[in-house]
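Student: Provided below are the primary sequence and the corresponding predicted coordinates.
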Amino acid sequence: MVGGEIAQLLVNGLVAGTVLAVPAIGFTAIYAVLRFPNFTVASHATIGAFAGYVVNTALGWPAWAAVAVAFVVAGGAGVVNDQLILRPLRPAGALTTAIGAVALTIVLENIVRFVFGNDLRGYDLPIRRDWQWGGVRIGPQQVENLAIALVAMIAVFLFLAFTRMGKAMRAVADDPTLASLKGIDADRVARLTNFGAMGLAGIGGMLLGLDTSIDPLTGFRVILSVFAAAVVGGLGSIPGAVVGALTIGVAEELSLLSLAPAYRTAVGFVAILLVLTLRPRGLLGERAY
Amino acid sequence: MAVFACLYALMALGLNLVWGMAGMINLGLVGFFGFGAYVSALATKRGGVPIVLGLAAALVLTAVAGGVVAVITARLRGDYLAIITLGFSEVVRLTASNEIWLTNGTDGISGIPGPWRGRVTPAAFNLIFLLLAVVAVAAAVAVLQRVRYSPYGRVLRAIRDDDQVAAVAGKHVIRFKVEAFAVSAGILGVAGALWGHYTSFIAPEVFVPLITIYVVLALTAGGTGNNWGAVGGAFLVVFFMEATRFATGWLPGLKPVQVAAVRELLIGASLLVVLRVRPAGLLPERISRPPMGVRHPDPMARTT
């Protein structure tokens, strides 16, 4: 029975970790290119979740189409916010920008709260039965989330590996000075990184909301796990973010064996402390790709 | 309101020691604030010790917590400290909400004793507490001004400006960083403890990240690196918060949740405006400089 329970938790953990990897890639990509921890990933996840919610409930779009809307809206918001608010702060240093990002998160969160209120909202989804395999239950929605997350991740890797812009992005992450000598427009790379990264945050927020419900704090609640995934894998490393997210996802679920469910997010914090003490560069180091 | 302004001033002073002087960030100062509040509340209510001992316990234990956080992150870049401190405050809130046997969970702890509470009129109690808070702020300013103009403070500023240069000059950078962070956390803990004794009630939802923003706003508006700026900024922020309460009262047809959202939005937006328009604050840091001598050429200019 314990074996079955562990198998169930492992499956849940892998699904949760894959979903978590999406915003974690966003956070770490911005760190790789712009060199500051952008805490607004939290509010952009919330923005994406609400954008998806609107087209899903008001227009009746299915979940996968709503996810695309979440990507575009959160990404667009990310570019606008960065250009107007965070970019002018960057010359003052990474830490000042980080403070600005926290303030911006509070502003964005309260815009969402102003419009939608504090109520929990659920997506409009068809009700389907869970599937069972040898005692392990898995919901169709979990499978769909897993598929969406995987597609998003594969798209990111293809983009970074094969497109000109993807290569430019990796070059800036590696060495901004060298990249600018080669004529790469750092501003364009920054804009594109913000669009993609905040879009991914939006997808992440929406996928998390599909499982449960959303409110203005949806993004903030997972932000600790997102940081943990990025730091455990190596801040600034995209494959690291994936590995870190899977680690955190599984660790959070397995912690249920011995801890109260409320402490799930504390697992991420403990993981950050452990990694920083034992292997400060993270599991995969800091190379962006 | 004046008491709260003093407590915010105390927190801004604590933040100034790490952010203004040593250049270390603390985005989870509400966590240390809350930690101190719980330590003192539990010690005085459950343990039955006098309030003075509760405050001392809050000072020491929060300083230890801050020291541990700093030891782990001192070798790393500031980005990690930002993440760790933000995480710390969330974990404090989680623990406070869930360890019901200790903290009474989300219901919070009520009936925290205050000095002479119940034996004097509420107005007199407020006055006594205001005096206490003013004394605490004055003591913190006195100590921190001493630190600022001492060799110790100069080392902290050197670390802020360039920790490698400070290390080359033979300063034990990590020790300085950990000490500064621990002392700063202790000050935050005392502020939290005083908060609890004043309001007589603490709960996890009191210690929200917004408080961190208030304090950062207070310090940034007043003048990062300047202790008087921290105090002035705190009073300004508390005044501003009260002003938004009146201002949002005039907006017609808003639900309470929308009014609250507008107020929080204004606080966040004003921090962004200050960072953008006047990053040095109203009272910028003034550093006495040695007389200008021969201007040395930039050594990096030749090597690149």
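Tutor: Looks like it arrived, so ask away.
Student: Spell out which residues belonging to the stretch 1-150 of chain A are near chain B, please.
Tutor: A:31, A:36-37, A:39, A:85, A:88-89, A:92, A:94-96, A:98-100, A:102-107, A:109-111, A:113-114, A:117-118 (CB under 8 Å from any CB of the partner chain). No exception for glycine: its C-beta is placed from N, CA and C like everyone else's.
Student: so residue 6 is in which element?
Tutor: Answering for chain A, as no chain was given. Using DSSP states H and E, residue A:6 falls within helix A:2-34.
Student: actually chain B
Tutor: If you go by DSSP H and E, residue B:6 is part of helix B:2-15.
Student: tilt between whichever helix or strand comes after that helix and helix B:2-15?
Tutor: Of the helices and strands lying after helix B:2-15 in sequence (DSSP H and E), the nearest is helix B:29-45. Between the axes of helix B:29-45 and helix B:2-15, defined by axes from the mean of the first three to the mean of the last three CA atoms, to 10 degrees, the angle is 120 degrees.
Student: helices and strands around helix B:29-45, which ones?
Tutor: helix B:2-15, helix B:51-73, helix B:78-98, helix B:100-103, strand B:109-110, helix B:173-199, strand B:201-202, helix B:209-222 (3 or more CB pairs under 8 Å, 6 or more residues apart in numbering or on different chains; DSSP states H and E).
Student: ok, the fifth one: who's next to it in the sheet?
Tutor: To tie it back to what came earlier, the one meant is strand B:109-110. With DSSP bridges as the test, strand B:109-110 is paired with strand B:201-202 (antiparallel).
Student: chain center to the partner strand, what's the gap?
Tutor: In terms of CA atoms, centre = their mean, to the nearest Å, the centre of strand B:201-202 is found 19 Å from the chain centre.
Student: elements contacting the helix holding residue B:6?
Tutor: Against helix B:2-15 (3+ CB pairs under 8 Å, 6+ apart) you get helix B:29-45, helix B:122-149, helix B:173-199, helix B:209-222, helix B:227-250.
Student: Direction-wise, compare it with helix B:51-73 and give the angle.
Tutor: 30 degrees.
Student: Buried residues, helix B:2-15. List them.
Tutor: Residues B:3-15 are the ones in helix B:2-15 that count as buried (16 or more other CB atoms under 10 Å in any protein chain shown).
Student: For that helix, C-alpha coordinates in CSV please.
Tutor: The C-alpha coordinates for helix B:2-15 follow below in CSV (Å, rounded to 0.1, in the frame of the first residue of the first chain):
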residue,chain,number,x,y,z
ALA,B,2,2.8,58.2,15.9
VAL,B,3,3.7,54.9,17.5
PHE,B,4,3.4,53.1,14.2
ALA,B,5,5.5,55.8,12.6
CYS,B,6,8.2,55.1,15.3
LEU,B,7,8.1,51.4,14.6
TYR,B,8,8.4,51.9,10.9
ALA,B,9,11.3,54.2,11.6
LEU,B,10,12.9,51.5,13.7
MET,B,11,12.5,49.0,10.8
ALA,B,12,13.8,51.5,8.3
LEU,B,13,16.9,52.0,10.5
GLY,B,14,17.4,48.3,10.7
LEU,B,15,17.2,48.1,6.9
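Student: re earlier: now the helices and strands packed on helix B:2-15 in a markdown table, with mean neighbour count and mean pLDDT?
Tutor: Converted to a markdown table, these look like this (neighbours: other CB atoms under 10 Å in any protein chain shown; pLDDT from 0 to 100):
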| stretch | mean neighbour count | mean pLDDT |
| --- | --- | --- |
| helix B:29-45 | 28 | 93 |
| helix B:122-149 | 16 | 90 |
| helix B:173-199 | 25 | 93 |
| helix B:209-222 | 26 | 88 |
| helix B:227-250 | 18 | 86 |
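Student: and those helices as JSON lines, adding distance to residue A:59?
Tutor: JSON lines is the format used below for these (distance: least, CB to CB, whole Å):
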{"stretch": "helix B:29-45", "distance to residue A:59": "40"}
{"stretch": "helix B:122-149", "distance to residue A:59": "55"}
{"stretch": "helix B:173-199", "distance to residue A:59": "47"}
{"stretch": "helix B:209-222", "distance to residue A:59": "34"}
{"stretch": "helix B:227-250", "distance to residue A:59": "33"}
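Student: Within range of chain B, give me the residues from the stretch 151-289 of chain A.
Tutor: Checking the stretch 151-289 of chain A against chain B by CB under 8 Å from any CB, the hits are A:220, A:223-224, A:227-228, A:231, A:235, A:260, A:262-263, A:265-266, A:268-269, A:272-273, A:276-277, A:280.
Student: switch the cut-off to 10 Å
Tutor: With CB under 10 Å from any CB of the partner chain as the criterion, the stretch 151-289 of chain A comes near chain B at residues A:216, A:220-221, A:223-224, A:226-228, A:230-231, A:235-236, A:259-266, A:268-270, A:272-274, A:276-277, A:280-281.
Student: Among those residues, name the ones in strands.
Tutor: Residues of these located in strands (DSSP state E): none.
Student: Pull out the buried members of those residues.
Tutor: Neighbour-count burial within these applies to A:216, A:220, A:223-224, A:226-228, A:230-231, A:235-236, A:263-266, A:268-269, A:272-273, A:276, A:280-281; the criterion is 16+ other CB under 10 Å.
Student: What pLDDT does the model give residue 64?
Tutor: Using chain A here. On pLDDT, residue A:64 comes in at 87.
Student: looking at chain B here, not the other one
Tutor: What the model reports for residue B:64 is a pLDDT of 95.
Student: Was I right to think it contacts residue B:183?
Tutor: No - using CB atoms under 10 Å, residue B:64 is not in contact with residue B:183, being 11.4 Å away.
Student: which helices and strands does the helix or strand where residue A:201 lies pack with?
Tutor: Residue A:201 belongs to helix A:186-211 when elements are defined using DSSP H and E. When contacts are defined as 3 or more CB pairs under 10 Å, 6 or more residues apart in numbering or on different chains; DSSP states H and E, helix A:186-211 packs onto helix A:2-34, helix A:41-58, helix A:63-81, helix A:140-162, helix A:164-174, helix A:176-181, helix A:218-233.
Student: Can you give the distance of the first one from its chain's centre?
Tutor: Meaning helix A:2-34. For helix A:2-34 - counting by CA atoms, centre = their mean - the centre lies 9 Å from the chain centre.
Student: still on that earlier bit, as TSV, the buried residues of helix B:2-15 with distance to residue B:177 would be great.
Tutor: Formatted as TSV, the buried residues of helix B:2-15 follow (distance: CB to CB, whole Å):
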residue	distance to residue B:177
B:3	32
B:4	30
B:5	30
B:6	28
B:7	26
B:8	25
B:9	24
B:10	22
B:11	20
B:12	20
B:13	18
B:14	15
B:15	15
